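J.: With the sequence up front, the predicted model follows.
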Amino acid sequence: KTWRAYQAETREDWARHVHNTEGWLYAVQTLRNAITAQTFLATTVLSLLTLITGRLWDILRTLSRGAERRLLTVQLISVALTMLFSAYQFLQGVRLMTHAGFMFPVSEGTKVD
């Protein structure tokens, strides 16, 4: 079984559970809250990255010693990559939750793909 088939089966089970328990309101609220939280976290990470990059860039321009400057450059690059990866993961979470919102069956017997 492929990961795509497994995900489709899981989404179908979740949509069936929500439909059978008539938990539409809670499901929609859960998706909305999760999307809002993930978007907020991604925006916060990118804002912090901008502030950190600006501050470290100012420090780098004032340093004259080569070894100290190289060390700070390596730190800046590692922090920037980590934060960009974090923002990417948050945005992927938003994308997946948005897809889940469209996975509800429209009528009885509709297969989710």
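T.: Cool, got the structure.
J.: Okay, now the unreliable bits of the protein?
T.: Using pLDDT under 70 as the threshold, the predicted model of the chain has low-confidence ranges 64, 100-113.
J.: where along it do the helices fall?
T.: In order along the chain, the chain carries the following helices (DSSP state H): 3-21, 24-62, 66-101.
J.: Could you take the ones you listed and lay them out as CSV, with extra columns for mean neighbour count?
T.: Placement of C-beta: from N, CA and C, glycine included. Putting these into CSV (neighbours: other Cβ atoms under 10 Å) gives the following:
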stretch, mean neighbour count
helix 3-21, 13
helix 24-62, 13
helix 66-101, 14
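J.: Which residue comes closest to the most centrally placed residue in the chain once chain neighbours are left out?
T.: In the chain, the C-alpha nearest the mean C-alpha coordinate belongs to residue 90, at 1.5 Å (Cα atoms, centre = their mean). Spatial nearest neighbour of residue 90, chain neighbours left out: residue 42 (3.8 Å); criterion: Cβ to Cβ, 6 or more residues apart in numbering.
J.: Report the contact partners of that neighbour.
T.: Contacts here follow Cβ atoms under 8 Å, 6 or more residues apart in numbering; on that basis residue 42 touches 87, 90-91, 94.
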